[in-house]
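**Student:** Attaching a predicted model along with its sequence, questions to come.
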Amino acid sequence: MTFFAAPALMLQNLDRQGSALVPPKKELEDMMVYTSGGKNRVELDQYDAFILVALGFKIAVTELCASEYGVAEYLQWGPVAHLLSHACFAAMLNASLEQSASMDLADKIRAVSDRPIVLCPRPFPSEIALNAPPLRDDPRFRDRAFLESVVTQARSAGATVSARHGAEVVWQDSSTVSIPGFTKAEFGVGAISLKTAKENDRREDGRHMNANYGLLMLTAVLRRLDDLSAGRILARR
């Protein structure tokens with residue numbers, strides 16, 4: 001398994017040259033070399049499958065459940081600045097996922113490879129965000145049924161959009177979720193990002209998750225790839 005990573009969606013800038021994804025600038029090349037252990041390009045024909053992690057593919061409950069946009073049913077939890085039809089809200093969901101860097105990379109891979117592409121969405125934010133304003137004072141973020149309905153609709157959109165690009169989603173493990181749309185605080189403890197790893201900064205940001213979360217997600221992805229390969233991934237002697 002080879003890990004390529006870069007901050008701030010920089011991987012979206014990769015250029016496809018033949019069957020390789022190549023960084024156009026040295027800054028991105030340096031990050032790829034750093035994270036992969038020496039490789040400065042992704043030779044697509046050398047891999048049996050591809051896992052795209054986050055890259056803008058997310059269910060942003062803090063945005064979807066806020067008071068800026070919503071359907072008529074949202075009014076029971078408070079005012080909505082811009083009321084949308086259900087069709088328009090669904091289109092908004094689809095558009096946000098379509099525009100993610102992960103979909104762009106999936107298209108670049110699909111142009112030359114028919115091997116499996118699995119998406120791991122960005123984790124839900126930590127539940128610690130619920131204890132601070134503005135979420136603390138918004139009744140929408142206290143109603144489990146409301147949050148579940150939004151997450152369910154967003155997951156449906158995610159499955160549809162990813163399939164359109166020849167990929168499939170492995171969603172966040174339910175054991176990591178506190179209430180729909182939020183990750184249990186324990187999975188944010190000790191989390192690091194590329195930036196904080198280089199700076200040896202251990203402050204939690206509520207967005208990145210720790211190794212325990214990573215183990216659960218990686219295990220789920222490997223199980224899915226095992227299914228797709230008829231047992232070749234997790235074969236036991």
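**Tutor:** Arrived safely.
**Student:** For residue 85, see how far away residue 72 is.
**Tutor:** When distance is defined by Cβ to Cβ, to the nearest Å, residue 72 is 9 Å away from residue 85. Any C-beta I mention is one placed from the backbone N, CA and C, and that applies to glycine too.
**Student:** name the element the nearest residue to residue 48 once chain neighbours are set aside belongs to?
**Tutor:** Nearest non-adjacent residue to residue 48, counting by Cβ to Cβ, 6 or more residues apart in numbering: residue 115, 6.0 Å away. With secondary structure defined by DSSP states H and E, residue 115 is part of neither a helix nor a strand.
**Student:** and residue 115, how many residues sit next to it?
**Tutor:** Residue 115 has 15 neighbouring residues, counting by other Cβ atoms under 10 Å.
**Student:** same deal with residue 129?
**Tutor:** If you count neighbours by other Cβ under 10 Å, residue 129 ends up with 20.
**Student:** Quick check: it touching residue 135?
**Tutor:** Yes: in this structure residue 129 lies within contact range of residue 135 using Cβ atoms under 8 Å: 5.5 Å.
**Student:** Overlap of the contact sets of those two?
**Tutor:** Counting by Cβ atoms under 8 Å, 6 or more residues apart in numbering, the common neighbours of residue 129 and residue 135 are residue 62.
**Student:** Quick check, central residue of the protein?
**Tutor:** Using Cα atoms, centre = their mean, the residue of the chain that lies closest to the mean C-alpha position is residue 121, 2.0 Å off.
**Student:** Surely that one and residue 168 touch.
**Tutor:** No: contact between residue 121 and residue 168 fails when scored by Cβ under 8 Å: they sit 11.7 Å apart.
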